[in-house]
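> A structural model of the following input is requested.
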Amino acid sequence: MKTKLVIYLILLSLIVAVAWFAVRQQPKKVHRIRNTRVAWQQPADLDRNVKTLKYTRHAKCRMGCRQISEEEVKEILKDGAINNDKTDPKDRPCPTYALEGYTRQDRQHVRIVFAQCETETRVVTCIDLDREFPCHCN
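Numbers count the residues shown, from 1 in each chain. From the prediction side, this is the model:
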């Protein structure tokens, strides 16, 4: 009788240990977009509530080629998913964040890269993930 109880306690301990280990090994929730891992976690230092955005000359050119409006850029900043593979929070002089999503107006699948500096947030570039556009930006 005592031997059975010891065996049950050992088995129960093993089951609890395996369950605990399995829970600890759970991967982050990810969403696949064109074979790219996009984590839905938001880095703590990304501020999505910026008052003004500055656009680099390159970003304005890419926006023109790809027909992406400033309003669409703002909605991706607000609601887009962070692509951790294309994001570099240690980038210098400012951390860069690649956000992806679909625009509300024309359902365009885009990636927009933002550089978030201490005093301003810049739009670095805009990419349409589904279509190629002829564009000659320097």
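> Quick one: mean pLDDT over the one helix or strand V16 maps to.
Assessed by DSSP states H and E, V16 sits inside helix 2-24. Across helix 2-24, the average pLDDT comes to 80.
> ok, residues contacting it?
Outside helix 2-24, not one residue touches it by Cβ atoms under 8 Å, 6 or more residues apart in numbering. For every residue, glycine as well, the C-beta is placed using N, CA and C.
> So, low pLDDT: which residues of the chain?
Scanning the chain for pLDDT under 70 picks out the ranges 21, 23-44, 138.
> just to revisit the earlier point, list the buried residues of the helix holding V16.
Neighbour counts over helix 2-24 (16 or more other Cβ atoms under 10 Å) mark no residue as buried.
> what does stretch 120-131 give?
T121, R122, V123, V124, T125, C126, I127, D128.
> okay if I get the residues you listed as JSON lines plus secondary structure and distance to T96?
Shown next, in JSON lines, are the buried residues of stretch 120-131 (DSSP: H, G, I helix; E, B strand; the rest coil; distance: Cβ to Cβ, whole Å):
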{"residue": "T121", "secondary structure": "strand", "distance to T96": "11"}
{"residue": "R122", "secondary structure": "strand", "distance to T96": "9"}
{"residue": "V123", "secondary structure": "strand", "distance to T96": "11"}
{"residue": "V124", "secondary structure": "strand", "distance to T96": "6"}
{"residue": "T125", "secondary structure": "strand", "distance to T96": "10"}
{"residue": "C126", "secondary structure": "strand", "distance to T96": "13"}
{"residue": "I127", "secondary structure": "strand", "distance to T96": "13"}
{"residue": "D128", "secondary structure": "strand", "distance to T96": "19"}
